[in-house]
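Visitor: Got a predicted structure plus its sequence, pasted below:
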Amino acid sequence: GDSVTQMEGPVTLSEEAFLTINCTYTATGYPSLFWYVQYPGEGLQLLLKATKADDKGSNKGFEATYRKETTSFHLEKGSVQVSDSAVYFCASQGGKLIFGQGTELSVKP
Amino acid sequence: NAGVTQTPKFQVLKTGQSMTLQCAQDMNHEYMSWYRQDPGMGLRLIHYSVGAGITDQGEVPNGYNVSRSTTEDFPLRLLSAAPSQTSVYFCASSRQVNTEAFFGQGTRLTVV
């Protein structure tokens, strides 16, 4: 069946550091891909998405590119801030929406 | 616009009790789903629905029932609660199956 695998956390970075969170998927067909973010005590909210191969999703300085050849959708940000501390989930949506296990990011001043 | 509303926010049950977690959305979304979130496990899909009258099982459906009699509501029923069902439950809805999902605030359930 379809699945999503993320790099394990927690990830701890200093402010202004470069961020990469790896995500790979397995799916039949060509699903839409998403990154969601969860702040403490809250539900998930959409960060960015891509609906077809080579699409780049971007929002709030975060980017991810849909790579069909490597079945990947890695999340990147050039300079993280303390306010980016949260749990990040990669997700694949074909016939149903499924999530990776989440990666906790902690950014220190 | 309320979005996705879940009730209750917190609940403690005794083993063997039954209860219903409520989920309602006011965005006229066709697709709705229930997840449970456990430490280190991410979000796991319990049940989902692509429209009123249509439901299907996700990754972890055992011990849970759902129904979708209206577009707006998608309740999740625990028939006989077990400690293994202690978790945080999230309901989500989206306009279609491959569009942005909107999440409720979650229900923290403890089964003792």
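Guide: That came in fine, so what should we check first?
Visitor: Please list the residues of chain A that sit near chain B.
Guide: Residues of chain A lying close to chain B (C-beta under 8 Å from any C-beta of the partner chain) are A:6, A:31-32, A:34, A:36, A:42-46, A:49, A:51, A:89, A:93-102. From N, CA and C alone the C-beta is placed, and that goes for glycine too.
Visitor: how about the most centrally placed residue in chain B, secondary structure?
Guide: Geometric centre of chain B, nearest residue: B:Trp34, 3.1 Å, by C-alpha atoms, centre = their mean. What DSSP: H, G, I helix; E, B strand; the rest coil gives for B:Trp34 is strand.
Visitor: Just to check, it is in contact with B:Leu76?
Guide: Yes. The pair B:Trp34 / B:Leu76 is scored as a contact, 4.9 Å apart, by C-beta atoms under 8 Å.
Visitor: what pairs with B:Ala24 across the strands?
Guide: Under DSSP bridges, the beta-bridge partners of B:Ala24 are B:Thr5, B:Asp73.
Visitor: doesn't B:Gly3 make contact with it?
Guide: No. Contact criterion C-beta under 8 Å: B:Ala24 and B:Gly3 do not qualify, at 9.7 Å.
Visitor: out of those two, which sits in the busier spot?
Guide: B:Ala24 (19 against 15; other C-beta atoms under 10 Å in any protein chain shown).
Visitor: Buried among the residues of chain A next to chain B? Need that as a selection in PyMOL.
Guide: Restricted to buried positions by 16 or more other C-beta atoms under 10 Å in any protein chain shown, the PyMOL selection for those reads:
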select buried, chain A and resi 6+31+32+34+36+43+44+46+49+89+93+94+96+97+98+99+100+101+102
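Visitor: What about the residues of chain A next to chain B, which are in strands?
Guide: Those of those mapping onto strands are A:6, A:32, A:34, A:36, A:44-46, A:49, A:89, A:93, A:97-99, per DSSP state E.
Visitor: How about A:Gly43, nearest residue that isn't a chain neighbour?
Guide: Leaving aside its chain neighbours, A:Gly43 sits nearest to B:Phe103 (3.6 Å; criterion: C-beta to C-beta, 6 or more residues apart in numbering or on different chains).
Visitor: Which parts of chain B are helices?
Guide: Listed in chain order, chain B contains no helices at all (DSSP state H).
Visitor: contact partners of the lengthiest strand in it?
Guide: Taking DSSP E as the criterion, chain B has its longest strand at strand B:42-51. Strand B:42-51 is contacted from outside by A:6, A:44, A:89, A:96-102, B:30-38, B:55-61, B:64-66, B:68, B:71, B:74, B:76, B:89-90, B:97, using C-beta atoms under 8 Å, 6 or more residues apart in numbering or on different chains.
Visitor: What residues does chain B have near chain A?
Guide: Counting by C-beta under 8 Å from any C-beta, chain B sits next to chain A at B:4, B:33, B:35, B:40-45, B:48, B:56, B:58-59, B:90, B:92, B:94, B:97-101, B:103-106.
Visitor: buried subset of those?
Guide: Among the residues of chain B next to chain A, those classed as buried by 16+ other C-beta under 10 Å are B:4, B:33, B:35, B:42-45, B:48, B:58, B:90, B:92, B:94, B:97-101, B:103-104, B:106.
Visitor: pLDDT at A:Trp7, what is it?
Guide: Actually, residue A:7 is Met rather than Trp. The model reports A:Met7 with a pLDDT of 85.
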